[in-house]
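S.K.: test case, fold it:
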Amino acid sequence: MSVVCIGNAWLVEQLGEKQDFEAELSRAGYRHEEFTLHVDPLNTARPRAGWNPRYEVKVTHSPTTTVKTYHGGPRDSWVASFADDLAEGLYGEPNVRALHDQRVRIR
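M.R.: Presented below is the predicted three-dimensional model:
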């Protein structure tokens with residue numbers, strides 16, 4: 001099952017960032033269905049060219065009720081920042097059963 005993505009989901013899907021996010025979850029042993037992404041354009045006072053390529057991604061982890069917002073766009077790697085937070089334990093421990101089930105499916 002994939003991560004639920006709402007808002008302007010096309011931003012992260014078209015750039016392949018949703019898939020990168022899901023790969024980080026799988027690598028760390030987290031269940032995809034525990035996470036929700038909410039993607040919105042980043043509102044700035046004066047966009048230079050009329051279109052602002054920056055956006056924010058709010059990541060919600062249901063089991064721990066952890067919510068954190070990351071910035072995306074040129075020169076921003078929100079998936080890498082998320083992966084750092086994941087490794088540091090911000091989103092709790094991975095579901096061990098999910099990790100076990102994943103290993104069984106690979107064999």
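S.K.: tell me which helix or strand the residue nearest to the spatial centre of the chain sits in.
M.R.: Against the mean C-alpha coordinate of the chain, by C-alpha atoms, centre = their mean, the closest residue is Phe21 at 4.7 Å. Using DSSP states H and E, Phe21 sits in helix 17-28.
S.K.: which is the next helix or strand following that helix?
M.R.: strand 35-41.
S.K.: got the contact list for the residue lying closest to the residue nearest to the centre of the chain once chain neighbours are set aside?
M.R.: In this structure, Phe21 finds its nearest non-sequential neighbour in Val79, 5.4 Å apart by C-beta to C-beta, 6 or more residues apart in numbering. Glycine gets a C-beta too; all of them are placed from N, C-alpha and C. Neighbouring residues of Val79 by C-beta atoms under 8 Å, 6 or more residues apart in numbering: 17, 20-21, 24.
S.K.: returning to what we had before: run the angle between the helix holding Phe21 and strand 35-41 for me.
M.R.: Helix 17-28 and strand 35-41 meet at an angle of 150 degrees, taking axes from the mean of the first three to the mean of the last three C-alpha atoms, to 10 degrees as the criterion.
S.K.: buried ones in helix 17-28?
M.R.: For helix 17-28, the neighbour count (16 or more other C-beta atoms under 10 Å) marks 17-18, 20-22, 24-25 as buried.
S.K.: mind putting those residues in CSV, pLDDT and distance to His71 included?
M.R.: Shown next, in CSV, are the buried residues of helix 17-28 (pLDDT from 0 to 100; distance: C-beta to C-beta, whole Å):
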residue, pLDDT, distance to His71
Glu17, 96, 12
Lys18, 96, 16
Asp20, 97, 15
Phe21, 97, 14
Glu22, 96, 20
Glu24, 96, 17
Leu25, 96, 20
